[in-house]
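Enquirer: Have a look at this prediction, sequence included:
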Amino acid sequence: MKKFNIRKVLDGLTAASSSSSSSHPGNRENDSIQENLQSEHFQLCKTVRHGFPYQPSAMAFDPVQKILAIGTQSGALRLFGRAGVECYCQHESGSAIIQLQFLINEGALVSALADDSIHLWNLRQKQPAVLHSLKFNRERITFLALPFQSKWLYVGTERGNIHTVNVESFTLSGYVIMWNKAIELSSKSHPGPVVHISDNPMDEAKLLIGFECGIVVLWDLRTKKADYRYTYDEAIHSVAWHHEGKQFICSHSDGTLTIWNIRAPAKPAQIITPHGKQPKDGKKPEPCKPILKVEYKTTRVGDPFMVLFGGLSYDTVGRRACLTVMHGKSTAVLEMDYPIVDFLTLCETPYPNDVQEPYAVVILLEKDLVLIDLAQIGYPIFENPYPLSLHESPVTCCEYFADCPAELIPALYSVGSRQKRQGYSKKEWPISGGNWGQGTQSYPEIIITGHADGSIKFWDASAIMLQVLYKLKSAKVFEKVRNKEDKPSTDIVDEDPFAIQILSWCPESRMLCVAGVSAHVIIYRFSKHEVTTEVVQLLEVRMPYELNDVDSPEAAGEQTPSVSTPGASSSPQTALPPADTHPSTSSNSSDGPRDNVPCLKVRCSPLKQSPGYQVDLVVQLLWVSGEPPQQITSLALNSAYGLVVFGNSNGLAVVDYFQKTLLMNVGVQELYGSADPFQRQPRSPRKTRQPSGGPCDANDGSNASEDRCKSPTSGSTSPCNSDEENKAQKFIDKMKSKSRRFSKTVSNDLAKMSRKLGTAPDQKQDSDAKDSSFSRSRSSSVTSLEREAREVITAFHFCETMSRKGEAGPGPSLWVGTSQGSMLVLPLAVPASSELRMQQAPAVSFGGTVTRLKGCVVTMATLDSTGAPLLPPYEVWYDPNLPDEREEKDRWKRRGPASPPGGPEGAPETHYVVLCSEKQAEVLVLPSQHSAFKHNITEASFVLRADVVLMPAGSCIACFCANGHIMTLSLPALRPLLDVNYLPLTDMRIARTFCFSNLGQALYLTSPTEIQRITYSQETCDNLQEMLCELFTPVETPEAPNRGFFKGLFGGGAQSLDREDLFGEVAAGKASRSLAQHIPGPGGMEGMKGAATGIMGDLARTRMALDERGQKLGELEERTAGMMHSADSFSKHAHDIMLKCKDKKWYQL
């Protein structure tokens, strides 16, 4: 039965009333458009999470299934198999995961959390789920141990006790090892928490227990007594067995390793200090840092491996974290880029009593995952196939493109493959478990991420996978700063001056345009050929400022209405120098204010550009009379016109990147002309500004001092900030530092909402301070009130439509949206032919205000007469470095269609323009510019991101609001189709990176290192189960090691133990009910699917076992037939000999 949603009905009634009240009485063409999209086409769900697990805390590996599990401090569980096999799960409590244990080759995993709960995960279903949970009430969990092919789990606690849990029923056994029975009765002190539990590899009845204080106990499970006790003066961090079960090794807090013979508890057989200096007089070596973990692995040929981390000398202050590999007489110290969280040695066999044969080491770092090949000289690392380099530099912006041209991904991969590092291990990635999904979704998807170091990464996101394609470094365009002393005084940010703020990409023409935090714009072209650029093309722009003496509409209306001369400007500012020159000589001395200087210096030496994206033009905003340039808030590119437009709080600039000239450079108020609807006040003078423009003047108490000392990716204030500002004002200012779609008014609302939620910026952790706020620079030099009153350019849209009332046919135009809700249009006159276009620049004229919306304009689009999106024209890609001149001449003929054919013959062509602001959406009919539909999206909140997207059945507006709601509205009628309270805005990172794409796809940065992809398409949700990967695959467990004839005869092999006789309810009794509480896992359809998947796995394994058994029976039958044939032959020969010797005497033989 279909669910009835009263909220959708009420929203529909509201939309209907608002639409009918805003429709033009004479527009009957609105009723002729049939909309195919319905509410049934939408459903919201998460699809997959990519990136490195944020704040990892634990790791485990299944050596048979070849699956790696990583737990985090937020309770997240990430599972990895072969390339493309990833899975994300989350514990409901959100507590940190302290340990993970696989049920090897069983498709199950046990997790222990910091809230003293353990959980059993079923991995046999595509979306793993918790089957059972056990919450300890009186003791804190410190260690888990699950022997191979055992159903009894050992749980060590902080009190020093050990409990046993049946993993099938997840119930406690009455068998408990108490700490006071394990240690000597003469000991008066508590041994501390349990830090290690493991079986003797050769005798399962002997349990080795390690206590933190330095005591190790070999416990006999049958007699319930301690056989041996081993005592050392230093605290223990880890213990590891030799596979023969006669020795074990301990790591200690003084940087030593002790090797013990199990039958000699008096003293260690050997004491090793891997990194300690051995004194000549025989004294104890100097103490080192603790060895936090050690593993002892044997090989069939050669010396065993001892792998450890920690234990460095205290005099190595500042040295990076190291992993030490000791093999025979050689000791290799491998430095890591980040602190080590955990490591595991991968071995050929899962049996602890067999020769281990280690082949790799998995090292979990705080921000990376590294695999080392132990089988090759020099221990090279494996090439990581997972998309874990997302956070290599903090992500500052993100864009998502679905259904891209099919040739794009191969083109990007071909140039990106040349960027790969060399020196990797030649072996295949050893974590190779699981299978890919069998989904039908096959359209190309590309994600582009901008980073704080100025790099741009292209990712292949097709089929819910993620793989890096190509990396572009924009910082290569600028001069390198060797040290902080050489840093230019014109820099407007303290850190990350190359950080990317906004991306604009045309997939068809492959043109890329990026705007950086230092008020610079870089335009790139894609080429498959290497080129060396002698001089980087540079264009410097002086953005106009608000004029103190211009306050009347008449003064603003005197400006020239159109601009057609290259390099000229319609503003009262002076024209720019030629584009091919570098920064001209400017006033930048200590005697006067900075003027005509950019924030960054473009390199003067030749620039070698590899195949891929190559710089075509650099545009930089200049300091003007001591005023730093404002950060760019909006950016757009059109390859068919050869134009790039960008805007900020001062105005907008239109650049012709074909001719490398500036076409328009106007202030915001000049766009209105005489029809300016706002009362603009003159700017107040700067009371405390220093003439020399010192970047961090401690005496400057204004907001300028605070703003100039902020990093674009930092959330913490510098020491030069004024202490008199209260926290609320800091938070408001922090929100006002804008990425491209966040207006000043919106930021104020968000600050109010954040205060209601009780969130404060000083509660952020230092570890992700770079990712918890929007880019913030020192460029803002006005007070909070002035910044609030300033109008900002927030959105652009190139299109071919009727930009003026009564126009007969469509023409090129640029639509501009502002933070005050104004929609303005700038008609364009673009030369028709390619020859004229290269000789003559387009003309830009003022078209005036079209309409006004409530709140900041977020996005806009145009529709044709049928309601289908009218995509902006584009130029078909060509390689600019091809030597063929004919190819160079013919490229202009391959321009994409400007617009679809019109309506019936003789009927006037009708277009629609879709406008969306923070509060409402509106559809206008063109060329009449009458309002056809209007819908109030939200009253209590505001829209953070909105996009007009294509769905299989039509188009719609997708919106993400600050209160966490994701909505879709039909086009052009603006009927509400979806409204789900998905994700409350708790972090600015989400607002900065949330983006929609076509075909119901969306994503956002859920943590500083992870991307969460979601879908709002019902079709994708229905096919999600097929698209997801499978973690568990039926694999035959390797055969147990052969005991050998003599070991079997004399009992020298491994001894098994029937743990059911010891830990079962009959023998051990029931555990105390108050000790732990059993919590059943989630049931319903998910559990049924898991059970079905488990049954299928069992059937597959049974079928495999039967096949193998049949094969072995066939081989046995063949061997039996051979033996029978040999027996017959032997019998025949024996009979012949008997007949031959029958009548002979003994002496005749």
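Expert: Done, it's in. Everything numeric here is computed off the predicted structure, so don't read it as measured data.
Enquirer: Identify the residues contacting Ala829.
Expert: Contacts for Ala829 were tallied using C-beta atoms under 8 Å, 6 or more residues apart in numbering; they are 564, 812, 842-845. Where C-beta positions appear, they are placed from N, C-alpha and C, glycine not excepted.
Enquirer: and which of the residues you listed is nearest Cys506?
Expert: Cys506 has its nearest neighbour among the contacts of Ala829 in Pro812, at 15.3 Å by C-beta to C-beta.
Enquirer: for the closest residue to that closest one other than its chain neighbours, what are its contacts?
Expert: Of all residues not flanking Pro812 in the chain, Leu828 sits nearest, at 4.0 Å (C-beta to C-beta, 6 or more residues apart in numbering). Contacts for Leu828 (C-beta under 8 Å, 6+ apart) come out as 641, 643, 811-814, 842-845.
Enquirer: same question, Trp219
Expert: Trp219 neighbours (C-beta under 8 Å, 6+ apart): 177, 182, 206-209, 225-227.
Enquirer: Who does the helix or strand harbouring the residue nearest to Pro812 pair with, and is each partner parallel or antiparallel?
Expert: Using DSSP states H and E, Leu828 sits within strand 822-829. Paired strands of strand 822-829, with direction, are strand 811-818 (antiparallel), strand 843-845 (antiparallel), strand 849-852 (antiparallel) (DSSP bridges).
Enquirer: hang on, the earlier thing: in TSV, list the contacts of Ala829 along with pLDDT, neighbour count and distance to Ala1134.
Expert: Listed next are the contacts of Ala829 as TSV, based on pLDDT from 0 to 100; neighbours: other C-beta atoms under 10 Å; distance: C-beta to C-beta, whole Å:
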residue	pLDDT	neighbour count	distance to Ala1134
Ser564	34	14	116
Pro812	93	23	106
Pro842	91	23	108
Ala843	92	16	114
Val844	93	25	112
Ser845	92	19	116
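Enquirer: residues near Phe143, how many?
Expert: 21 (other C-beta atoms under 10 Å).
Enquirer: Skipping adjacent residues, who's closest to it in space?
Expert: Nearest to Phe143 is Gly156, by C-beta to C-beta, 6+ apart, at 3.8 Å.
Enquirer: The one you found in helix, strand or coil?
Expert: Assigned state for Gly156: strand (three-state reduction, DSSP: H, G, I helix; E, B strand; the rest coil).
Enquirer: got a pLDDT number for Thr565?
Expert: Per-residue pLDDT puts Thr565 at 33.
Enquirer: got it, and the one 3 residues further on?
Expert: Ala568 carries a pLDDT value of 36.
Enquirer: what about the residue nearest to Ile957 when sequence neighbours are not counted, which helix or strand?
Expert: Nearest in space to Ile957, with sequence neighbours left out and distances taken as C-beta to C-beta, 6+ apart, is Leu969 at 4.5 Å. Using DSSP H and E, Leu969 maps to strand 965-970.
Enquirer: Point out the other helices and strands that that strand packs with.
Expert: strand 954-961, strand 976-981 (3 or more C-beta pairs under 8 Å, 6 or more residues apart in numbering; DSSP states H and E).
Enquirer: And the average pLDDT for the last one is what?
Expert: So that's strand 976-981. Averaging pLDDT along strand 976-981 gives 95.
Enquirer: Can you spell out which helices and strands pack onto it?
Expert: helix 6-22, strand 42-51, strand 965-970.
Enquirer: which residues touch Phe211?
Expert: Counting by C-beta under 8 Å, 6+ apart, Phe211 makes contact with 160, 179, 182-183, 191-195, 217, 236.
Enquirer: Distance check, it against Ala653.
Expert: 70 Å (C-beta to C-beta, to the nearest Å).
Enquirer: wait, isn't Asn998 in contact with Pro444?
Expert: No: using C-beta atoms under 8 Å, Asn998 is not in contact with Pro444; the gap is 11.2 Å.
Enquirer: which residues do the two both contact?
Expert: Common neighbours of Asn998 and Pro444 (C-beta under 8 Å, 6+ apart) are 402-403.
Enquirer: Which one's more surrounded, these two?
Expert: Neighbour totals were compared for Asn998 and Pro444, and Asn998 leads with 22 against 19 (other C-beta under 10 Å).
Enquirer: quick one, phi/psi of that one?
Expert: phi -70, psi 160 (degrees, to the nearest 10).
Enquirer: cool, and the one 5 residues further on?
Expert: The phi/psi pair for Leu1003 (degrees, to the nearest 10) reads phi -160, psi 170.
Enquirer: Now do the contacts for it.
Expert: 398, 400, 447, 993-995, 997, 1011-1014 are the contacts of Leu1003 under C-beta under 8 Å, 6+ apart.
Enquirer: ok, and the closest non-adjacent residue to the residue nearest the centre of the chain?
Expert: By C-alpha atoms, centre = their mean, the mean C-alpha position of the chain lies nearest to Glu1010, the distance being 2.6 Å. Spatially, and ignoring its direct neighbours in sequence, Glu1010 is nearest to Gly51 (3.8 Å; C-beta to C-beta, 6+ apart).
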